[in-house]
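Novice: Kindly return the folded structure for what I paste below:
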Amino acid sequence: MEYTINYTICQPYSATVEADSPEEALKQVLKDPRNDWPFDEEEYVATSAEILDEDYERIEHIEDSTEHPYQIIEKLLGKLKNE
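Specialist: Numbering: from 1, shown residues only. Modelled structure (predicted):
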């Protein structure tokens, strides 16, 4: 199945990956972000994040965050595991 992960730093960023589950999709983005997300810059803060299924239905989201992009994706992963 295809999943899309979106989040906002100062502008929207997005990645679409093939995975067997939403959790696996988030893990892929953490391991190998094939995009231009500025993950290595410590001063960047992600303000929101979401994961969508292939029909663009929201699976999970976080709003009003003040965390580094890696942390917000880890938080999304944690929310999915707790469901």
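Novice: just checking, what packs against the lengthiest helix in the chain?
Specialist: Longest among the helix segments of the chain by residue count, using DSSP state H, is helix 69-82. Helix 69-82 sits against strand 2-8, helix 22-31, strand 48-52, strand 58-62, with contacts defined as 3 or more Cβ pairs under 8 Å, 6 or more residues apart in numbering; DSSP states H and E. Any C-beta I mention is one placed from the backbone N, CA and C, and that applies to glycine too.
Novice: out of the ones you listed, nearest to I73?
Specialist: helix 22-31 (5.6 Å; Cβ to Cβ).
Novice: quick check: angle from the closest one to strand 58-62?
Specialist: 50 degrees (axes from the mean of the first three to the mean of the last three Cα atoms, to 10 degrees).
Novice: Same list (the helices and strands packed on helix 69-82) but as TSV, adding mean pLDDT, distance to N82 and mean neighbour count.
Specialist: Below are those laid out as TSV (pLDDT from 0 to 100; distance: least, Cβ to Cβ, whole Å; neighbours: other Cβ atoms under 10 Å):
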stretch	mean pLDDT	distance to N82	mean neighbour count
strand 2-8	83	18	19
helix 22-31	83	11	18
strand 48-52	89	14	20
strand 58-62	91	10	16
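Novice: With distance to K81 as new columns, can those be given to me in a markdown table?
Specialist: Putting the helices and strands packed on helix 69-82 into a markdown table (distance: least, Cβ to Cβ, whole Å) gives the following:
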| stretch | distance to K81 |
| --- | --- |
| strand 2-8 | 15 |
| helix 22-31 | 7 |
| strand 48-52 | 13 |
| strand 58-62 | 10 |
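Novice: Nearest to I72 among these would be which one?
Specialist: When those are compared by Cβ to Cβ, strand 48-52 sits nearest I72, at 4.6 Å.
Novice: Parallel or antiparallel, list what pairs with that closest one.
Specialist: Strands adjacent to strand 48-52 in the sheet, as given by DSSP bridges, are strand 2-8 (antiparallel), strand 58-62 (antiparallel).
Novice: which residues touch it?
Specialist: Applying Cβ atoms under 8 Å, 6 or more residues apart in numbering, the contact partners of strand 48-52 are 3-8, 22, 25-26, 58-65, 72-73, 75-76, 80.
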